[in-house]
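K.L.:
following is a predicted model, sequence given first.
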Amino acid sequence: MSKSLVIYFSAAGHTKLKALQLADAIGADTFEIEPVKKYTKADLLWMNPLSRSFREVATRKTKRPEIVDKELDLTSYDKIFLGFPIWGWAAPSIVNAFLEKHDFSGKTIIVFVTSGGTTKLDGCVKSLIPSLSETTIVKEGKVLNGEWSKEDLAAFAE
């Protein structure tokens, strides 16, 4: 029997809501990627060059935010759903920091995102590839904006 895991980063709570709904719909376990320093509303003002999120987007190829070090055993999971909000048309660098700390070799990752302004995954999957093993399969999933029924989430996960 295959086992699924929903891993997510949520700065404002939107992605967390979708991740928990997805996990409930498919009977998956969950794991939250947490920053050592929590994001404030001011940190998330992505159009402000002084905000933390703006600076993280600008330096995403060279810097990584610190994440809370939590135990994660991936051995029993066949399918991993990875969710995050889109920042600057890509994954927030905290997601890359998380991926670089764990071995996803031979795993399949299906990406889902939330966004305040797009209905496309844009470069999200591409932004994750440098942080993963060559044997990790990354699939483009969906933008989970708006309301999704339990049945629709289960169908997405198939």
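P.N.:
Now that the structure is in, tell me what you want to look at.

K.L.:
just for the chain, where's the confidence low?
P.N.:
The model of the chain has pLDDT under 70 over residues 1, 58-59, 118-119, 122.

K.L.:
looking at it, which helix is longest?
P.N.:
Of all the elements of type helix in the chain, the one with the most residues (DSSP state H) is helix 14-26.

K.L.:
identify the residues contacting that helix?
P.N.:
Outside of helix 14-26, the residues within contact range by C-beta atoms under 8 Å, 6 or more residues apart in numbering are 4, 6, 8-10, 28-30, 32, 81, 83-85, 112-114, 144, 148, 150-151, 153-154, 156-157. All C-beta spots, glycine's among them, are computed from the backbone N, C-alpha and C.

K.L.:
buried ones from those, can you make that a PyMOL selection?
P.N.:
Buried members of these, identified by 16 or more other C-beta atoms under 10 Å, are gathered into one PyMOL selection as follows:
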select buried, resi 4+6+8+9+10+28+30+81+83+84+85+112+113+114+144+148+153+156+157
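
K.L.:
in helices, which of the contacts of helix 14-26 appear?
P.N.:
With DSSP H as the criterion, helices contain Lys150, Glu151, Leu153, Ala154, Phe156, Ala157 from among the contacts of helix 14-26.
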